[in-house]
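> 3D model of this:
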Amino acid sequence: MKISDFIVISDLNNKIETERARLLCFYYHKETGESSFTMPLISDLFLKSGFSAPNKSRLKNNLTKGRNRSFLLSKEKADQLYFIPVILEQLEKEFGSKWENIKNIDSNSELLDEQKFCGKYNYLDRLIRQINHSYANNSYDAAAVLMRRLFEVLLILSYQNLGIDNEIKDSDGNYVMLERIVKDAIQNQTLKLSRIKKEFDTFRQVGNFSAHSITYTAGRKDIDDIKINYRVMLEELYNKAGII
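All right, here's what the predicted structure looks like:
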């Protein structure tokens, strides 16, 4: 769902700051599967949604203290906030069905095995089905760009699962570009990737050409040449991310 659609659905423009933060975090949770939040992330959500950046200290206090609090502070990481379960349940009841109304994508494991890789997170399912649909309908540039995106998402999820995602963030707490993530992943001793890491730059470049090159257009062979290694990479990163 686009954030612009969620702003309308949730009447976000007319909410007070704490309620706006709660709803933006719920939107982020539904789109990414993330269940923890930081104040820099919440501030960034405000800005990307067209709102002014909040006072982080004041907002954090309002979100985690008092009768109307919505979040708990992590005992392990002081900067991590988590939804109070009953609050998340209430939000899911009120807005969760809005995501279920998204039209199904016609796909059938044309490139990636949906039986193996789908059914974990909704947002991953949508990406995989879009990849298969694009490939089946000869939209190879679209497939390449989406494959690059799925690759990036799974790398980040792997870092998060291993508790080392700070290694791929900049000074503002935002994730760095994929090229830098790949460079770190290849040599990262905690991630401990197999020899498939030698193909990481290829996965990234195929998507980059389709996304950024003025004259290049992908063909079926460009996708077929990487599809076996790409599937191997998916299975490994699904395991590293704790999804399988």
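> Can you list the neighbours in contact with the helix or strand of the chain with the lowest mean pLDDT?
Sorting the helices and strands of the chain by mean pLDDT, DSSP states H and E puts helix 97-100 at the bottom, at a mean of 75. For helix 97-100, the surrounding residues in contact (CB atoms under 8 Å, 6 or more residues apart in numbering) are 1, 6, 9, 30, 122. Any C-beta I mention is one placed from the backbone N, CA and C, and that applies to glycine too.
> want to throw those residues into a markdown table with distance to Ile228 and neighbour count?
Formatted as a markdown table, the contacts of helix 97-100 follow (distance: CB to CB, whole Å; neighbours: other CB atoms under 10 Å):
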| residue | distance to Ile228 | neighbour count |
| --- | --- | --- |
| Met1 | 33 | 14 |
| Phe6 | 38 | 20 |
| Ile9 | 41 | 14 |
| Lys30 | 33 | 19 |
| Asn122 | 27 | 15 |
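> how about these, which pair is most distant?
Ile9 and Asn122 (17.0 Å; CB to CB).
> Could you tell me the phi and psi values at Lys2?
Dihedral pair for Lys2: phi -70, psi 150, per degrees, to the nearest 10.
> Can you get me a residue count around Leu237?
Using other CB atoms under 10 Å, Leu237 is surrounded by 24 other residues.
> these two touch, right, it and Ile156?
No. Using CB atoms under 8 Å, Leu237 is not in contact with Ile156, being 9.8 Å away.
> can you pull the contacts of the residue sitting nearest the centre point of the chain?
The geometric centre of the chain, computed from its C-alpha atoms, lies nearest to Thr32 (CA atoms, centre = their mean), at 4.0 Å. Each residue near Thr32 by CB under 8 Å, 6+ apart is listed here: Tyr123.
> For it, report the pLDDT, please.
Thr32 is assigned 85 on the pLDDT scale.
> Could you check how far it is from Thr18?
For Thr32, the distance to Thr18 (CB to CB, to the nearest Å) stands at 21 Å.
> swap in Asp11?
15 Å.
> more neighbours, these two?
Set side by side, Asp11 and Thr18 show more neighbours around Thr18, with 19 against 10, by other CB under 10 Å.
> how much space is there between that one and Cys25?
Counting by CB to CB - Thr18 and Cys25 are separated by 11 Å.
> Check which helices and strands the longest helix along the chain is in contact with.
Longest helix in the chain, counting residues (DSSP state H): helix 140-161. In terms of contacts (3 or more CB pairs under 8 Å, 6 or more residues apart in numbering; DSSP states H and E), helix 140-161 is packed against helix 122-136, helix 178-187, helix 200-212, helix 220-224, helix 227-240.
> Can you report how many residues lie near Glu94?
With other CB under 10 Å as criterion, Glu94 counts 13.
> wait, is it part of a helix?
Yes. Using DSSP: H, G, I helix; E, B strand; the rest coil, the assignment for Glu94 is a helix.
> Pull up the gap between it and Ser134, please.
33 Å.
> re earlier: need the contacts of helix 97-100 in a markdown table (columns: secondary structure and distance to Pro40).
Formatted as a markdown table, the contacts of helix 97-100 follow (DSSP: H, G, I helix; E, B strand; the rest coil; distance: CB to CB, whole Å):
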| residue | secondary structure | distance to Pro40 |
| --- | --- | --- |
| Met1 | coil | 23 |
| Phe6 | helix | 21 |
| Ile9 | helix | 26 |
| Lys30 | helix | 20 |
| Asn122 | helix | 25 |
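> just those residues now: which is nearest Phe51?
Using CB to CB, those come closest to Phe51 at Phe6, 12.9 Å.
> Quick check, pLDDT for the closest residue to Glu179 other than its chain neighbours.
Nearest non-adjacent residue to Glu179, counting by CB to CB, 6 or more residues apart in numbering: Arg204, 6.7 Å away. Arg204 carries a pLDDT value of 94.
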